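Asker: Sequence first, then the predicted structure, then my questions.
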Amino acid sequence: MSSILPLLSTVVSIVFAGATFSQWLARRKPHQIVWTLGLLMYGLGAGSEYVAGVWGLSDLVYRLWYLAGAILVAAYLGMGTVYLLAPRKYAHVVMAVLILGSIYAAYKVFGASVNLQLLPGGTAGISGVAMPSDVRLLTPLFNVFGTVGLVGGAAYSAWVFWRKRILPRRMASCILIAVGGILPASGGTLMRFGVPELFFLTEFLGVSIIFVGFLVNTEILAFRATRGSATA
């Protein structure tokens, strides 16, 4: 079971990334390509967990998991929502900072001295304890930004749609995205307490619920894009 769930998360995130990339090809909206990057990172993180569970945890797999799954995925999913809600010029500035931060994080992760002997092995042992403390300090910075951007942005948009009594499908979509975004974040706490199976479950449910939210309304728009219809 501990290997099946990461595999399912990998499949869902890759299919989801294909859907957002297809939208980007058709409409060229920045949030679509940023979400695509975030979902590919989700798949890379979950795929690393699957590989570790089936073939064992190697140095490269661990570093890929930590960079993509533990540090970057939430930040890029949240950044996609920032592009939906914030004025484009401000979103570009935040994106530039995120790119620079991502380069620095990659440098730190792949340049760090990793001690895999601190981990029990397999997916049951995947956690940040093998990384030096200075690298681990990066994780909450990216994750807090990403969670606030994704969950907070979706919750705010849902509240706006509810308050104005408009676009019920988009409101439902935003609620699902907010719920799906909370699950992996809360599941990370379970991993720290040594319950990886529940983390893998919340990881799978999280990306699946977000995908359902996406499918409920594939024309997700930000509040600023609905002001005209709300006042018309």
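Answerer: Okay, I see it. Residues are numbered from 1 along each chain as shown.
Asker: now the helices for this structure?
Answerer: Shown for the chain, the helices assigned by DSSP state H span residues 4-27, 30-55, 59-64, 73-85, 88-111, 133-136, 138-147, 153-164, 168-192, 196-216, 227-231.
Asker: Apart from its chain neighbours, what residue comes closest to Arg136?
Answerer: Spatially, and ignoring its direct neighbours in sequence, Arg136 is nearest to Gly128 (4.9 Å; CB to CB, 6 or more residues apart in numbering). All C-beta atoms are positioned from the backbone trio N, CA, C, and that covers glycine.
Asker: Tell me if I'm right that the one you found and Thr139 touch.
Answerer: Yes. Taking contacts as CB atoms under 8 Å, Gly128 lies within contact range of Thr139: 6.5 Å.
Asker: Now the common contact residues for those two.
Answerer: Each of Ala70 lies in contact with both Gly128 and Thr139 under the rule CB atoms under 8 Å, 6 or more residues apart in numbering.
Asker: which residues touch the residue nearest to the spatial centre of the chain?
Answerer: The residue lying closest to the centre of the chain (CA atoms, centre = their mean) is Ala74, at 3.4 Å. Counting by CB under 8 Å, 6+ apart, Ala74 makes contact with Gly38, Phe142, Asn143, Phe145, Gly146, Thr147, Leu150, Pro184, Ala185.
Asker: re earlier: go through the helices of the chain and name the closest to Leu119.
Answerer: Closest approach to Leu119 among the helices of the chain (CB to CB): helix 59-64, 7.9 Å.
Asker: per-residue confidence averaged over that closest one?
Answerer: For helix 59-64, mean pLDDT rounds to 95.
Asker: ditto for stretch 84-100
Answerer: pLDDT averaged over stretch 84-100 gives 96.
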